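**Student:** curious how this folds, go ahead:
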Amino acid sequence: MADVKWVKIEGRWCELINKDIEIVEKRVYPADIMPDMGGYHVLACRCTADVDCNLAGVRCEYAFNNPGQGAAAGE
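**Tutor:** Below you'll find the model as predicted:
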């Protein structure tokens with residue numbers, strides 16, 4: 001059975017909410033590593049402040065309210 005984990009990718013200061021945040025990925029690791037397959041597959045990428053940003057109306061791709069804009073954490 002596959003293993004699913006949230007993994008921290010990076011930590012940074014977000015200029016949009018003036019707070020330290022972490023960018024995390026939801027990864028699926030296969031039960032058995034096969035030689036021709038990569039180590040994991042990314043299902044989602046999010047910020048640890050996504051709910052706060054959504055509730056405050058802050059537009060950010062990691063808060064899932066402004067996809068594809070690249071505005072996450074001051075980019």
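**Student:** low-scoring stretches of this protein, by residue?
**Tutor:** 33-38, 66-75 (pLDDT under 70).
**Student:** let's go with 80 and repeat that
**Tutor:** Residue ranges of the chain with pLDDT under 80: 1-2, 31-38, 61-75.
**Student:** what about the helices in it?
**Tutor:** Ranges of helices in the chain, per DSSP state H, are 50-56.
**Student:** who does the nearest residue to residue 40 once chain neighbours are set aside bridge with?
**Tutor:** Among residues not flanking residue 40 along the chain, residue 27 sits closest, at 4.3 Å (C-beta to C-beta, 6 or more residues apart in numbering). No exception for glycine: its C-beta is placed from N, CA and C like everyone else's. Per DSSP bridges, the residues bridged to residue 27 are residue 5, residue 42.
**Student:** run a quick neighbour tally on residue 27.
**Tutor:** The local packing of residue 27 (other C-beta atoms under 10 Å) involves 19 other residues.
**Student:** and for the closest residue to residue 50 other than its chain neighbours, the neighbour number?
**Tutor:** Spatial nearest neighbour of residue 50, excluding adjacent residues (C-beta to C-beta, 6+ apart): residue 63 at 4.4 Å. By other C-beta under 10 Å, the residues close to residue 63 number 24.
**Student:** how about residue 63, what does it touch?
**Tutor:** For residue 63, the contact set (C-beta atoms under 8 Å, 6 or more residues apart in numbering) comprises 47, 49-51, 53-54, 72.
**Student:** kind regards, and thank you for your time.
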